[in-house]
Each structure stands twice: as C-alpha cells, then as structure tokens.
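Undergrad: take a look and give me a structure for this.
(chains A and B)
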Amino acid sequence: KQEVTQIPAALSVPEGENLVLNCSFTDSAIYNLQWFRQDPGKGLTSLLLIQSSQREQTSGRLNASLDKSSGRSTLYIAASQPGDSATYLCAVKYGGSNYKLTFGKGTLLTVNP
Amino acid sequence: GAGVSQSPSNKVTEKGKDVELRCDPISGHTALYWYRQSLGQGLEFLIYFQGNSAPDKSGLPSDRFSAERTGGSVSTLTIQRTQQEDSAVYLCASSLYGYPYEQYFGPGTRLTVT
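TA: Purely as a prediction, here's the structure:
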C-alpha cells in the first residue's frame, strides 16, 4: 500500500530556531513530492515541489530534500518565525494513471515568540 | 490571476439531505481533483477529472457521492442522503495536464451534517 508518514505530529520551538520536518513514503516509484502549508480553517498553500529526478529545492528560508532510495524527504526551515506556525503537509504523487496526491497527516508547527 | 475558488465556504445540513459543493478551477487547468479532509483521517483523494476523459472515481467512499464537470471547467460534488460521517472539509485542486503536474488548492468547503 502506498502510504506517507510524517513525524513528528506536532512540534513547538522558540523563535529563531532552525528545524526539520520529516516525511517518509513506502514506494520509491514516485513522480514528485510536494510540501504544503495549511493555516487553520484555510486551504493548502504549495511551498515546494521536488521532481523525482531532483535532490532538493529551495525557496527563501525553506529547503526540501528528497532521497528516493530511503523513501524520505525533509523540510528544513531556517530562522523560524511565529508566522511560520501552521500545519505542514507532505504529499507524494506516485507513478500511475491519475496523478492523485497521497498525503501524510501533517506536522503541526508552533513557533513561540 | 484568480486561484481555485469553492462555494459555499461553509455548509450545515441535516442528516439525510442532499448537498452540492462547487469548484471553479484556475482558468486553463484541464485537470481537476476533489479531496476530503476529515479529523483523524488526513486528506483523502476522491475523484479526478482530466479533459474529456472518463473521470477516475476510485476514491469515492460510497455511491452516495458523485461529481460532474461541465464544459471542462466548473465541477460539482454531490453527496446524497448525507450522514454524520460525511462531515469534513472538501478541497478542490486543479493543475495543468503535463509536467510538473503541480496542484493548486482552493480554500475548501466545510460540511457539517447534524
């Protein structure tokens, strides 16, 4: 079964700290992997998309890495800010016909001032 | 440009009633997806439309759920004879058909069945 797991389920850090969110997937035959942010009561905002041929993507203070052989991706957030507080979701597009995303259950991040 | 829009943003309905949820994708996006986000279940795929091809309905949880897409644009998700377990946030996403298949999500419709 193609699954996505995110650890930890929740994380609380002081402002300014660098942090890493983890995502693991069960099948290495992925097409791409996407990291999203979800604020309470809101939809999903795409942060980074990594194609299966890529090892990492960067946007501002965010860096996402992909290791297909170990079935892992990490989202690194540098110099965290209270505005980074949200739920972060990892989603994998497995190779197949319908291009649906398979989501992890997310990591709830709280950055304390 | 305009993003994916969904209506209504909130819907409260009585058990047994039918509901319709609407999604307007980004203009030019031929692929459209519906997902459901339930407490404790995470985000689950429901249905996928691509152009004029037959939709992939493999994620629909029961035959009470159906969806259509008219004119290759607006989509409606219909839930008949709603049950309390249908309470969730229903999210719509759209993408171009082709590399990199990046999906853009709407704000969702929060459905509460009482």
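Undergrad: what's the burial count for B:L21?
TA: B:L21 has 20 neighbouring residues, counting by other C-beta atoms under 10 Å in any protein chain shown. Heads up, the C-betas are built off the backbone N, CA and C, glycines and all.
Undergrad: thought it was touching B:S5?
TA: No: using C-beta atoms under 8 Å, B:L21 is not in contact with B:S5; the gap is 11.8 Å.
Undergrad: if you drop the residues flanking it in sequence, what lies closest to the most centrally placed residue in chain B?
TA: The residue lying closest to the centre of chain B (C-alpha atoms, centre = their mean) is B:W34, at 3.2 Å. Leaving out its chain neighbours, the residue that sits closest to B:W34 by C-beta to C-beta, 6 or more residues apart in numbering or on different chains is B:L46, at 4.2 Å.
Undergrad: wait, that neighbour sits on B:L77?
TA: Yes: counting by C-beta under 8 Å, B:L46 touches B:L77, with 7.3 Å between them.
Undergrad: between these two, which contacts overlap?
TA: B:34, B:65, B:67, B:90 (C-beta atoms under 8 Å, 6 or more residues apart in numbering or on different chains).
Undergrad: who wins on neighbours among those residues?
TA: Busiest of the shared contacts of B:L46 and B:L77 [other C-beta under 10 Å] is B:W34, holding 25 neighbours.
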